[in-house]
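Visitor: A predicted structure for the sequence below; I have some questions about it.
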Amino acid sequence: MILLIGIVLLFFYFNQSGQSSKPEATEEFIYKWLINKNGTFATYMKETETEDADLVNGRESLSESIGLWMDYALLKEDKRLFEEAYLKLDQYFLEDDGFVHWKLTETGRSEVSTNALVDDLRLIQALFIANEKWKVAKYEDAAYVIGKYIGEHNRKTYFLTDFYHKEHQYASERITLSYIEPDALNQLHERGLIDRKTYENMLNILGNAPHKDPFFPKYFDVKKSEYVYDRRINMIDQSLAAYYREKRGHSTISFLEFIKKELKLRGKIFGQYDRETKKPIVQYESPALYGWLILYSIEAGENELALELYPEMKKFRIQHGKYKGGYSVYQNNTHIFDNLVPLLAERTLCNLQLVKEDKE
């Protein structure tokens, strides 16, 4: 019965949603291959299993995916799309007290009792913007309750930290730089959901981070009051940290020059680099990485770089066949993150009229 309802809803969506009646190819791919029977987003196409609660099984659903989908709906100005995401959040992820489960099983059951600051901040920002755009009070109400929860629980003294373990009533003692979304923090501060000292501390962590390496630190250890680097540099983390620094007007010139140099030297950006040698230590690329780099480049006023990165991202997209529109589909499988972030990047480029909208 649930499956039948889902099919009916999808039929209604594709045929009645106005401007969304002919979705982009990647959007359609997600609806076809990465939606569970209950309407939540599946992380992978295939069933997989892991014993590590910090990792994600195949069809498990993440609050991260809802936040990214909400961002996409806002860029597309698609109220129906946003409402669908809100309903998934409200029904399956959000508790009455404002706690948001960072992941759920395929059937919508929680087997962990932690949230994720990065995902909650993205949700808060999207919900506040949606209320301003469409005047839907429940969006603002949800943002308030989530913001109040993280303001009270995801904290060590006057810092917000990576996660809160509800069962053990324990907050992390570190804050990852790529989690510090300044616009969301500003929303929380303006509405009194975090105090001024916490707000300023968070922005100072982002703004005061060393940036001549050309890599940024991985996180700030609140207990030790020091920045910590990884030897293996994850470029998605780096791209987000750079993106958020640009939003605050902080220099990212060393990182920017590194990206340009790598493109000129190797013609691509790899997923990980050695901090000391500045050389790639993996052979893989990622459409999600290129997507974040595109958004970072635009924020930095480097539209030419964004357009140079765009075909590198698009080369991962399937152009024909049953997986048309999907990114990085390998052995009948892909990760939803590698599809959602390119959606955001391409929609941003389209909105700026830097590329044509691709619905084929």
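Guide: Arrived safely. Numbers count the residues shown, from 1 in each chain.
Visitor: now the element after the helix or strand encompassing Ile294, going C-ward?
Guide: Element membership for Ile294, per DSSP states H and E: helix 287-299. Remark: after helix 287-299, the chain's next helix or strand is helix 303-314, criterion DSSP H and E.
Visitor: returning to that earlier point: kindly export the helix holding Ile294 (C-alpha atoms) in PDB.
Guide: Output of helix 287-299 as PDB, limited to C-alpha atoms (Å, rounded to 0.1, in the frame of the first residue of the first chain):
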ATOM      1  CA  PRO A 287      31.500  15.100  -8.900                       C
ATOM      2  CA  ALA A 288      30.600  16.400  -5.400                       C
ATOM      3  CA  LEU A 289      34.000  17.900  -5.000                       C
ATOM      4  CA  TYR A 290      33.800  19.600  -8.300                       C
ATOM      5  CA  GLY A 291      30.300  20.800  -7.300                       C
ATOM      6  CA  TRP A 292      31.600  22.400  -4.100                       C
ATOM      7  CA  LEU A 293      34.500  23.900  -6.000                       C
ATOM      8  CA  ILE A 294      32.200  25.500  -8.500                       C
ATOM      9  CA  LEU A 295      30.100  27.000  -5.700                       C
ATOM     10  CA  TYR A 296      33.300  28.200  -4.000                       C
ATOM     11  CA  SER A 297      34.600  29.700  -7.200                       C
ATOM     12  CA  ILE A 298      31.400  31.700  -7.800                       C
ATOM     13  CA  GLU A 299      31.500  33.000  -4.200                       C
END
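Visitor: got the angle between that helix and helix 303-314?
Guide: 170 degrees (axes from the mean of the first three to the mean of the last three CA atoms, to 10 degrees).
Visitor: tell me the buried residues in helix 287-299?
Guide: Within helix 287-299, the residues scored as buried using 16 or more other CB atoms under 10 Å are 287-299. For every residue, glycine as well, the C-beta is placed using N, CA and C.
Visitor: and for stretch 137-155?
Guide: 139-140, 142-151, 153-155.
Visitor: coming back round to it: tell me which other helices or strands the helix holding Ile294 touches.
Guide: helix 235-247, helix 303-314, helix 337-351 (3 or more CB pairs under 8 Å, 6 or more residues apart in numbering; DSSP states H and E).
Visitor: what is the distance between stretch 287-298 and the centre of its chain?
Guide: 12 Å (CA atoms, centre = their mean, to the nearest Å).
Visitor: what's in contact with it?
Guide: Applying CB atoms under 8 Å, 6 or more residues apart in numbering, the contact partners of stretch 287-298 are 235-236, 239-240, 242-243, 246, 252, 259, 269, 271, 303, 305-306, 309-310, 312-313, 316-317, 327-328, 335, 337-342, 344-345, 348-349, 352.
Visitor: of those residues, keep whichever come out buried.
Guide: Using 16+ other CB under 10 Å, the buried ones in those are 235-236, 239-240, 242-243, 246, 252, 259, 269, 271, 305-306, 309-310, 312-313, 316-317, 327-328, 335, 337-342, 344-345, 348-349.
Visitor: now the helices and strands packed on helix 287-299 as TSV including distance to Phe220?
Guide: As requested, the helices and strands packed on helix 287-299 are exported to TSV (distance: least, CB to CB, whole Å):
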stretch	distance to Phe220
helix 235-247	11
helix 303-314	28
helix 337-351	24
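Visitor: in JSON lines: those, plus mean pLDDT and distance to Lys88.
Guide: Listed next are these as JSON lines, based on pLDDT from 0 to 100; distance: least, CB to CB, whole Å:
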{"stretch": "helix 235-247", "mean pLDDT": "98", "distance to Lys88": "24"}
{"stretch": "helix 303-314", "mean pLDDT": "98", "distance to Lys88": "26"}
{"stretch": "helix 337-351", "mean pLDDT": "97", "distance to Lys88": "14"}
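Visitor: of all these, which one is nearest Ala126?
Guide: helix 337-351 (11.5 Å; CB to CB).
Visitor: list of residues touching the closest one?
Guide: 24, 26-27, 29-30, 34, 43, 64-65, 68-69, 71-72, 75-76, 286-288, 290-292, 294-295, 298, 306-307, 310, 313-314, 316-317, 326-328, 355-358.
Visitor: at 6 Å what do you get?
Guide: 26, 30, 68, 71-72, 75-76, 287-288, 291, 294-295, 313, 327-328, 355, 357 (CB atoms under 6 Å, 6 or more residues apart in numbering).
Visitor: can you check stretch 242-254 too?
Guide: 180, 182, 207, 211-212, 214, 255, 295-296, 299-300.
Visitor: okay, and the closest residue to Glu302 other than its chain neighbours sits in which element?
Guide: Nearest in space to Glu302, with sequence neighbours left out and distances taken as CB to CB, 6 or more residues apart in numbering, is Leu256 at 6.9 Å. Taking DSSP H and E as the definition, Leu256 sits inside helix 253-266.
Visitor: what's the mean pLDDT across that helix?
Guide: Computed over helix 253-266, the mean pLDDT rounds to 98.
Visitor: in terms of secondary structure, what does the helix or strand harbouring Gly151 contact?
Guide: Secondary-structure assignment from DSSP H and E places Gly151 in helix 137-153. Secondary-structure packing of helix 137-153 (3 or more CB pairs under 6 Å, 6 or more residues apart in numbering; DSSP states H and E): helix 117-134.
Visitor: find the residue at the geometric middle of the protein.
Guide: Central residue of the chain (CA atoms, centre = their mean): Leu68, 5.0 Å from the mean position.
Visitor: before we move on, back to that, next SSE after the helix holding Leu256?
Guide: By DSSP H and E, the next helix or strand past helix 253-266 is strand 272-274.
Visitor: helices or strands up against that next one?
Guide: Strand 272-274 packs on strand 232-234, going by 3+ CB pairs under 6 Å, 6+ apart.
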